[in-house]
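[1] Pasting a predicted model and its sequence here:
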Amino acid sequence: MKDEFKSLLKEKRVFKPSKEFSKNAHIKSIQEYKKIYNYSIKNSEKFWAEKAEQLHWFKKWNKILTKNGCFFKWFEGGKINVCYNCLDKNIEEGRGNKIAIIWEAEDGQAKKYTYSKLLDEVSKFSNVLKSHNLKKGDRVCLYMPMIPELAIAMLACARTGLIHSIVFGGFSSESLKDRINDCKAKLVVTSDGSFRNGKVIPSKENVDAALNDCPSVKKVIVVKRCNNKISMKNKRDHWWHDEMSQVRYHEFKAVEMCSEDTLFILYTSGTTGKPKGVLHTQAGYLLYTYQTFKWVFDTKDEDIYWCTADIGWITGHSYIIYGALANGATSLMYEGAPTYPNPGRFWQVVEKHNVTIFYTAPTAIRALMVYGDKWPKSHNLKSLRLLGTVGEPINPEAWMWYYNVVGNKHCPIVDTWWQTETGGILITPLPGAIPLKPGSATHSFPGIVADVLKDDGTKAKTDEGGYLVIKKPWPGMLRTIWNNPKRYRETYFGKFKNIYLAGDSARIDKDGYFWIMGRLDDVIKVAGHRLGTAEVESHIVSHKAVAEAAVVPIQDEIKGQAIYAFVTLKKGILATENLKQEITGHVANKMGSIAKPSKIQFTDDMPKTRSGKIMRRVLKSIAEGTKEYGNISTLSDPNVVEKLERGRSS
Ligand code: PRX
């Protein structure tokens, strides 16, 4: 443990916002935060309605909030268009020539889109979509790298009333297929390939493989990005550039959408092998991402804001595109890997574009920290004024490095807790107001009532771990799971009546600060990416040599968590190192390389209860080497623990 880290814990150091920062902040002091917060809770609907006045409405709402058990609707009766709010509204307000998106390619080229130029491109692509006979509410799947066409396609879906379902480009054809079939997408937008660490990854090939089994898809639009050789299927596949050059109209009037029409579906992992299609709607989501972006990142007109997430995850949806553009911000989009061509790449981009606000994941910070201070120190990072993290708990050591070396001791760090389901940030510092404690996401955002409950539903004591819950609905929350309202009700509202269950454990300290302690369900966070154990297991079991598999998370210094897999082979199959590699490659093929187990242990038996259920906590303690199995007397064969311990893969 580094000395600095030790003393930090001993001192329980608190980092107060500097006077300099607070002076110009939207919310300037803890007193002001408390005042706004108390008002927002006592008058929750009024608070959100007042904030909603900042958006452009074709028609105002009749009712702010409608409750039906655990199903909520916001701003019913209202007519709105999310794309209009992100583009047209900014142009009307005089930001037509302001840069909306700076795109930095992996090879160092950059391209800039003003708000006017972006609107032109989006309108053109809206016409392309329309020419393919799609009707309001149809699903469009976007399987693309981090290129401007992805932003254009999303915004065009929003403009035309189509529902986008973005599938992270790192997912394999199998995962893509499942996600397309679940929502029955009619059209897919992809690219010939994508660049990663200088290599070309074949996106179109993955689409072709998936589409052998996706009867709903009638058309594919392909962006030429890498010039790699691909095959184009007659009548089904069309080049983006051809389609764009053939459109007759360059304008497209934004469709008036009802507040509660679906904006997008985003698949995320849960406790079963089948990913959930988290569904977000128009007005509430837009309002929530708008307001959180403004206050959490404390944005000003002149900021250059960079969120390093991939748009294929919720962070990119909410804080590269919707929340950022709705605020008229300049949002940077980076195509490539953080360490390509060298570990200074992020810092070089910050310097090149004078980035002022930088938002990334703890796993990226830890990965870059390993290469030492010389990389950030060899770039001029003076433009930075605010840093942020998201996706997993940040360890104080990484926090300190980020604060001292990247932020040069003057940038507050907003550690933002939220989820795909929440649409936007729920627990977070407001940088001009809330004193920071490294590792804590601090307090609830205005309008949000977060708490920690014990199993029986009573409030946990100070510093006692429990279930993280949200007690009041908020506009950005998911509305349901695509085609599965039952799963929505059971997953999020099944444990405590009318209270949203986040699936995380947390504690609240004596100062009311939230400390997130990790997932309580079968979700693993590998390098910040959310994966379901059941989904990974089903892919391992689909290998012809495998009879049974169980995966558990283990701690990983860089990735936060990694996957440890226990695998039982079919009778007569030899357990070899080669087979381990084959299984790892198989998972990468089926699901994507982010899901590869970092360790595999072959075992003849699993620790099972008499009813045949695998006892995961036993596997977890074996994988981690803690030997804290708890009570194992209910195992059908307690000897299995010793055998597993002997075969542990270190
Ligand atoms: O466990 C929490 C963790 O990420 C989960 C949500 O994952 P996902 O839906 O992929 O969304 C990630 C980006 C918003 C949460 O249940 N998590 C997210 N942010 C934090 C976090 N854990 C600790 N601290 C955070 N700041």
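    The structure has been received and is ready for your questions. Everything numeric in this text was worked out from a predicted model, so none of it was measured.
[2] What sits closest to residue 207 if chain neighbours are left out?
    Nearest residue to residue 207 in three dimensions, chain neighbours excluded: residue 190, at 4.8 Å (Cβ to Cβ, 6 or more residues apart in numbering). To be clear about C-beta, it is placed using only N, CA and C from the backbone, and glycine gets the same treatment.
[3] The one you found - that's part of a helix, no?
    No: secondary structure of residue 190 (DSSP: H, G, I helix; E, B strand; the rest coil): strand, not part of a helix.
[4] who does it bridge with?
    residue 222 (DSSP bridges).
[5] and it, how many neighbours does it have?
    32 (other Cβ atoms under 10 Å).
[6] ditto for residue 429
    Neighbours of residue 429 using other Cβ under 10 Å come to 26.
[7] measure it to the ligand for me?
    10 Å (Cβ to the nearest ligand atom, to the nearest Å).
[8] Regarding that residue, what are the backbone dihedral angles?
    When quoted as degrees, to the nearest 10, the phi and psi of residue 429 stand at phi -70, psi 150.
[9] So which residues on the stretch 101-250 of the chain come close to the ligand?
    Counting by Cβ under 6 Å from any ligand atom, no residue of the stretch 101-250 of the chain lies close to the ligand.
[10] Strands along the stretch 101-250 of the chain, start to end?
    110-114, 139-142, 163-166, 187-191, 194-196, 199-201, 219-223, 237-239 (DSSP state E, counting those that start in this stretch).
[11] Tell me which of those strands is the most buried.
    The highest mean neighbour count among those, using mean count of other Cβ atoms under 10 Å, belongs to strand 187-191: a mean of 28.
[12] So residue 102 sits against residue 305, correct?
    No: the criterion here is Cβ atoms under 8 Å, and residue 102 misses it with residue 305 at 9.6 Å.
[13] what touches both of those two?
    330-332 (Cβ atoms under 8 Å, 6 or more residues apart in numbering).
[14] what about residue 332, distance to the ligand?
    Using Cβ to the nearest ligand atom, residue 332 is found at 18 Å from the ligand.
[15] Quick check: bridge partners of that residue?
    For residue 332, the beta-bridge partners under DSSP bridges are residue 102, residue 306.
[16] neighbours of the residue in the stretch 301-450 of the chain that the ligand sits nearest to, just the number please.
    Ranked by Cβ to the nearest ligand atom, the top residue of the stretch 301-450 of the chain for proximity to the ligand is residue 420, at 3.4 Å. Residue 420 has 19 neighbouring residues, counting by other Cβ under 10 Å.
[17] near the ligand, which residues of the chain?
    Applying Cβ under 6 Å from any ligand atom, one finds that the chain approaches the ligand through 268, 314-315, 390-393, 415-420, 441, 502-504, 516, 519, 525, 530.
[18] So what's the predicted local confidence for the closest residue to the ligand within the stretch 551-650 of the chain?
    Closest contact between the stretch 551-650 of the chain and the ligand, by Cβ to the nearest ligand atom, is at residue 560 (9.1 Å). Residue 560 carries a pLDDT score of 93 in this model.
[19] Leaving out chain neighbours, which residue sits closest to it?
    residue 392 (4.8 Å).
[20] Surely the residue of the stretch 301-450 of the chain closest to the ligand touches residue 270?
    No: with contact defined as Cβ under 8 Å, residue 420 does not count as touching residue 270 (10.1 Å).
[21] Show me what residue of the stretch 101-250 of the chain gets nearest to the ligand.
    residue 168 (10.3 Å).
[22] what sits against the residue in the stretch 151-300 of the chain that the ligand sits nearest to?
    For the stretch 151-300 of the chain, the residue closest to the ligand is residue 268, as judged by Cβ to the nearest ligand atom, at 5.3 Å. By Cβ under 8 Å, 6+ apart, the contact set of residue 268 is 275-276, 278, 314, 420-421, 530.
[23] Show me where the stretch 301-450 of the chain has its strands.
    With DSSP E, counting those that start in this stretch, the ranges of strands along the stretch 301-450 of the chain come out as 304-307, 330-334, 357-360, 386-390, 413-416, 450-453.
[24] JSON lines for those, including mean pLDDT?
    Shown next, in JSON lines, are the strands of the stretch 301-450 of the chain (pLDDT from 0 to 100):
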{"stretch": "strand 304-307", "mean pLDDT": "98"}
{"stretch": "strand 330-334", "mean pLDDT": "98"}
{"stretch": "strand 357-360", "mean pLDDT": "98"}
{"stretch": "strand 386-390", "mean pLDDT": "98"}
{"stretch": "strand 413-416", "mean pLDDT": "98"}
{"stretch": "strand 450-453", "mean pLDDT": "98"}
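[25] Could I get those in TSV, plus columns for mean neighbour count?
    As requested, those are exported to TSV (neighbours: other Cβ atoms under 10 Å):
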stretch	mean neighbour count
strand 304-307	24
strand 330-334	25
strand 357-360	25
strand 386-390	24
strand 413-416	24
strand 450-453	20
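[26] Between those strands, which one is closest to residue 139.
    Nearest to residue 139, of all the strands of the stretch 301-450 of the chain, is strand 330-334, at 23.6 Å by Cβ to Cβ.
[27] Nearest to residue 184, out of the strands of the stretch 301-450 of the chain?
    Proximity to residue 184 (Cβ to Cβ) singles out strand 330-334 among those, at 29.1 Å.
[28] by contact count, what packs against that closest one?
    If contacts are counted by 3 or more Cβ pairs under 8 Å, 6 or more residues apart in numbering; DSSP states H and E, strand 330-334 sits against strand 99-104, strand 304-307, helix 345-353.
[29] Let me know which of those is tucked in deepest.
    Mean neighbour counts for these (mean count of other Cβ under 10 Å) peak at strand 304-307, with a mean of 24.
[30] Need the contact partners of that one.
    Identification of contacts with strand 304-307 by Cβ under 8 Å, 6+ apart yields 102, 297, 299, 315-316, 319-320, 324, 329-332, 334, 349-350, 353-360, 383, 388.
[31] Check stretch 281-290 too.
    By Cβ under 8 Å, 6+ apart, stretch 281-290 touches 48, 51-52, 54-55, 61, 74-75, 78, 80-82, 85, 257-263, 318-319, 322-323, 326-327, 423-424, 474-477, 479.
[32] So which of these are in strands?
    In this view, those that belong to strands under DSSP state E are 74-75, 80, 257-258, 262-263.
[33] got the contact list for residue 320?
    Going by Cβ under 8 Å, 6+ apart, residue 320 touches 151, 307, 309, 311, 331, 333.
[34] so the fourth one touches residue 146, yeah?
    When you say that, I think you mean residue 311. Yes: when contacts are counted by Cβ under 8 Å, residue 311 is listed as touching residue 146 (6.4 Å).
[35] Need the overlap of contacts for the two.
    residue 333.
[36] centre of the chain versus stretch 603-616, how much separation?
    Mean-position distance between stretch 603-616 and its chain equals 33 Å (Cα atoms, centre = their mean, to the nearest Å).
[37] C-alpha coordinates for that stretch, PDB please?
    Extracted as PDB, the C-alpha positions of stretch 603-616 are listed here (Å, rounded to 0.1, in the frame of the first residue of the first chain):
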ATOM      1  CA  THR A 603     -13.400 -30.100 -12.100                       C
ATOM      2  CA  ASP A 604     -15.200 -33.400 -12.000                       C
ATOM      3  CA  ASP A 605     -17.800 -32.100  -9.500                       C
ATOM      4  CA  MET A 606     -19.400 -28.800  -8.500                       C
ATOM      5  CA  PRO A 607     -20.400 -28.000  -4.900                       C
ATOM      6  CA  LYS A 608     -24.100 -28.600  -5.100                       C
ATOM      7  CA  THR A 609     -26.900 -28.600  -2.500                       C
ATOM      8  CA  ARG A 610     -29.000 -31.700  -2.200                       C
ATOM      9  CA  SER A 611     -31.500 -30.100  -4.600                       C
ATOM     10  CA  GLY A 612     -28.800 -29.700  -7.200                       C
ATOM     11  CA  LYS A 613     -28.100 -26.000  -6.900                       C
ATOM     12  CA  ILE A 614     -24.500 -24.900  -7.300                       C
ATOM     13  CA  MET A 615     -23.300 -23.100  -4.200                       C
ATOM     14  CA  ARG A 616     -21.600 -20.100  -5.700                       C
END
